[in-house]
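Peer 1: this one's structure only:
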């Protein structure tokens, strides 16, 4: 199973100027020059809080599995599609793990990176493998998910499917030419991991 399987999602967001009537950068500099240092600090603090709050809102929605809210926030600001939480997981990873295919489709349609991993390097396809989400895995691969993407332990989705006994996902990966001889950090192949837990050979 991918590492860090908890659902906690925090407020790690890109720094950017946000808000109604956002000013171009050169105009912002001119505007700040007219203000005192205390006023500038108050404005910058408000902008920083607004950015964190906006990004944190979609993170909270994903953590709480409020998928309608995720869709609403995404419609209002498509840039949120790749925001990560404190555990480094994107809304796409949460949607895959929670078997929300319609949300997965919405996120991918909004240009979510299907190969973006979490803090352990586990991609959405790794999560589809560990959770047994065969149809979502198929959809991800149809949208250019790398079947041999490696996590931080050098494991591919096939390693995960074999280790967790997800035969249907393993067969899907093999039919998409996943590398059955790929070795992880411990030099183990998917076959080794399948044998270790009594799962049939992934190629068998």
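Peer 2: On my side now, so go ahead. All of these numbers come straight from a predicted model, not from anything done at the bench. Residues are numbered from 1 along each chain as shown.
Peer 1: Quick one: the strands in the chain, in order.
Peer 2: Along the chain, no stretch is classed among the strands by DSSP state E.
Peer 1: Where do the helices of it begin and end?
Peer 2: 25-33, 37-63, 67-76, 91-97, 101-109, 124-131, 134-142, 157-163, 167-175, 190-196 (DSSP state H).
Peer 1: Dump those helices to a markdown table, plus mean neighbour count and distance to residue 84.
Peer 2: In short, each C-beta sits where N, CA and C put it, glycine included. Listed next are those as a markdown table, based on neighbours: other CB atoms under 10 Å; distance: least, CB to CB, whole Å:
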| stretch | mean neighbour count | distance to residue 84 |
| --- | --- | --- |
| helix 25-33 | 10 | 25 |
| helix 37-63 | 16 | 8 |
| helix 67-76 | 16 | 14 |
| helix 91-97 | 27 | 9 |
| helix 101-109 | 19 | 13 |
| helix 124-131 | 28 | 13 |
| helix 134-142 | 20 | 18 |
| helix 157-163 | 30 | 20 |
| helix 167-175 | 20 | 24 |
| helix 190-196 | 19 | 28 |
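Peer 1: for the ones you listed, which one sits closest to residue 148?
Peer 2: helix 157-163 (7.8 Å; CB to CB).
Peer 1: Where does pLDDT dip in the chain?
Peer 2: Low-confidence segments of the chain, defined by pLDDT under 70: 1, 3-56, 59, 86-87, 197-204.
Peer 1: so how far is the first residue of stretch 117-129 from its last?
Peer 2: 14 Å (CA to CA, to the nearest Å).
Peer 1: same thing with stretch 159-174?
Peer 2: Span of stretch 159-174 from end to end, CA to CA: 11 Å.
Peer 1: Make TSV out of the helices of the chain and add distance to residue 115.
Peer 2: Below are the helices of the chain laid out as TSV (distance: least, CB to CB, whole Å):
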stretch	distance to residue 115
helix 25-33	32
helix 37-63	19
helix 67-76	19
helix 91-97	10
helix 101-109	11
helix 124-131	8
helix 134-142	9
helix 157-163	11
helix 167-175	15
helix 190-196	19
